[in-house]
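In: Below are the sequence and a predicted model for it; my questions follow.
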Amino acid sequence: MSTSTTSSSAVNAPPVLAARGVSKRYGTVQALDDVDLAVRAGTVHCLVGENGSGKSTLTKIFAGSERPDAGTLTIGDRSDVAQVSARDSVAEGVRVIYQDLALFPNLSVAENLAVPAASGLLRRYHPRAYRRRVEQALQRVGLRVDPAVAVERLSVAERQLVAIARAVATEGRIILMDEPTAALTQDEIDRLLGLVDELRAEGLAFVFITHKLREVTDIADEVTVLRDGHVVASGPAADFDAERITVLMTGDTVERQRRAVREAPDTTPVVELRGGSLSGQFSDVDVALHEGRVVGLAGIVGSGRTEIGLAMSGLLPLDTGQLYAHGEPVRNARDLPLLQYVPEDRLTEGLVLEWSVANNVVVNDLQEVSGNAGLLNRGRIREVARRWRQALRIKVDDVDDPAGTLSGGNQQRVLLARALAPDPEAIILSNPTVGVDVGSRAELHELIRDTADRGVAILMISDEPGELLDVCDEIVVVRDGRVIGSWPAPELNEETIWQTITHEEVAA
Ligand SMILES: Nc1ncnc2c1ncn2[C@@H]1O[C@H](COP(=O)(O)OP(=O)(O)OP(=O)(O)O)[C@@H](O)[C@H]1O
């Protein structure tokens, strides 16, 4: 899709949000170094950069949850101040929508919106007026759900809209979004970008952080590229295309490559699901994972693809059908060969954020790091973690630092290291490059392919057809819980995959 961009008068207006010469250091890491940024009302400013380049740190400084070491900030009507408190930032209309959305899952949509409950001089609460405000807020973002329903019952895209509705309903004027599209399908992304476009036309200012460069060229009025905490370029969006952004971010071009496809061999699969059904999730699914091959599972959110991955990992039970490992029926998940499952959601299912990076890396491979008496060997743990830090270029100075201090993309790498460390026979990956920058994404793809070339059987579930095409030998398409078909990767392209996962049949 292509959204309209803003008139030049908005781009030339004084900024409602600005950083001048802002620096921030954490221990030995210079997260931001002399950063300038200016965001104007009625515009979308895209902030891009590799994992760990400082995007979230800058966001936290604007939100008042981190203090800069140097430089000045302009936030709403507060000009050139050394820092702002979280309360000042909110009072000036700054609203940050973090990736976890900061919603209360067990509360209703209406409760989460937190629109002011009372109004007028005596601040009296009028239930009917309150309901109307909630309805208006939902209408403004185009969300058609019952305001009484608990947020945990909504899809990720709907929750995203609740978070935006809350920002708008509480009179947010400057909205910072940290990778808002990471967990959305293309249709949902298009809808979200359309909404941002509408709100921009109403005069709101947006800082939009994304790793998907197509979104930058679609939505941005202005672009700032960070590398290692420095601004390497900033200016009108017309001066940037995806290739230039990639070069600025990484200092290099990133080539997409496909591997030579491996045919399914005659050998017994390492893991196989035959006729698998789980009520309300998927039915009659066959998927076979062979040594040295990568099978892709394509499907939209809610198609059953994630549940198929979980069932093949032994993490979800089957109603009917059978899971086999090396041709033998698996009666119990513990009968599975050494298999690793890498969840998509590193924040809630993945890492223990308070633990060190090293402990997170080795947690599935305790034998490797245990001494004679079965006691954990600290030195060995660090050694293994340092090896993976180098192999996966995990950006952390000290492997004893808590995983929670890493940037999002680097946390994703720690999850992968954890899965690879025990040298598994099979790996099931769910959206392995969510939140990973474009350069590192190509590296992780290379790593997944190398892992398959070492003989590991891999299932890769992904929202991104391009990623499946780059990595997989065969692509299985799932729709409404059923396998629609499977094709050797070279027989498909991005468009045919989109058509198949949404509704249209692909001509064989
Ligand atoms: N609380 C902290 N303690 C120590 N280091 C930190 C802390 N917060 C951030 N850092 C470091 O600062 C650098 C910048 O991190 P930041 O999260 O801003 O990057 P990012 O550009 O948002 O990355 P990503 O795209 O992966 O989300 C990283 O090297 C990170 O490890």
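Out: Received it, and whenever you're ready, just let me know what you need.
In: of all the residues in the stretch 301-450 of the chain, which ones are close to the ligand?
Out: Proximity of the stretch 301-450 of the chain to the ligand (C-beta under 6 Å from any ligand atom) is limited to residues Lys395, Thr405, Leu406, Ser407, Gly408, Gly409, Asn410, Asp437. For glycine as for every other residue, the C-beta is placed from the backbone atoms N, C-alpha and C.
In: Pick out the most distant pair among those.
Out: Farthest pair in these (C-beta to C-beta) is Thr405 and Asp437. Separation: 18.2 Å.
In: more neighbours, those two?
Out: Per other C-beta atoms under 10 Å, whichever of Thr405 and Asp437 has more neighbours is Asp437, with 25 against 17.
In: any low-confidence regions in this structure?
Out: 1-12, 115-127, 252-260, 335, 337, 346-349, 504-508 (pLDDT under 70).
In: Recalculate using a threshold of 50.
Out: Within the chain, the ranges that satisfy pLDDT under 50 run 1-2, 118-122, 505-508.
In: Domain-wise, how is it divided?
Out: For the chain, the TED database gives the domain ranges 15-250, 258-338+425-507, 346-423.
In: Are the longest one and the ligand in contact anywhere?
Out: Yes. On the criterion C-beta under 6 Å from any ligand atom, domain 15-250 is in touch with the ligand at Tyr26, Gly27, Val29, Ala31, Gly49, Asn51, Gly52, Ser53, Gly54, Lys55, Ser56, Thr57.
In: Now Ser279: closest residue in space, sequence neighbours ignored.
Out: Once flanking residues are discounted, Ser279 sits nearest to Asp319: 5.4 Å by C-beta to C-beta, 6 or more residues apart in numbering.
In: My read is that the one you found contacts Gly275, right?
Out: No. Asp319 is beyond contact range of Gly275, at 10.6 Å (criterion: C-beta atoms under 8 Å).
In: For PyMOL, write the select line for the buried members of the residues of the stretch 301-450 of the chain next to the ligand.
Out: To isolate the buried members of these in PyMOL, using 16 or more other C-beta atoms under 10 Å:
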select buried, resi 395+405+406+407+408+409+410+437
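In: Throw the residues of the stretch 301-450 of the chain next to the ligand into a markdown table and include secondary structure, thanks.
Out: A markdown table is the format used below for these (DSSP: H, G, I helix; E, B strand; the rest coil):
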| residue | secondary structure |
| --- | --- |
| Lys395 | coil |
| Thr405 | helix |
| Leu406 | coil |
| Ser407 | coil |
| Gly408 | helix |
| Gly409 | helix |
| Asn410 | helix |
| Asp437 | coil |
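In: For the helix or strand where Gln390 lies, which residues meet the burial criterion?
Out: Assigned by DSSP states H and E, Gln390 falls within helix 378-391. For helix 378-391, burial by neighbour count (16+ other C-beta under 10 Å) applies to Ile381, Arg382, Val384, Ala385, Arg386, Trp388, Arg389.
In: got it, and stretch 413-430?
Out: With burial defined by 16+ other C-beta under 10 Å, the residues of stretch 413-430 counted as buried are 413-422, 424-430.
In: Start and end of that stretch, how far apart?
Out: End-to-end distance of stretch 413-430 (C-alpha to C-alpha, to the nearest Å): 13 Å.
In: starting at the chain centroid, how far to that stretch?
Out: Centroid separation between stretch 413-430 and its chain, computed with C-alpha atoms, centre = their mean, to the nearest Å, is 18 Å.
In: go on, stretch 149-160?
Out: 17 Å.
In: Which positions within that stretch qualify as buried?
Out: Neighbour-count burial for stretch 149-160 flags Val151, Leu154, Val156, Ala157, Glu158, Arg159, Gln160 (criterion: 16+ other C-beta under 10 Å).
In: can you put these in a markdown table and add secondary structure?
Out: Below are the buried residues of stretch 149-160 laid out as a markdown table (three-state DSSP):
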| residue | secondary structure |
| --- | --- |
| Val151 | helix |
| Leu154 | coil |
| Val156 | helix |
| Ala157 | helix |
| Glu158 | helix |
| Arg159 | helix |
| Gln160 | helix |
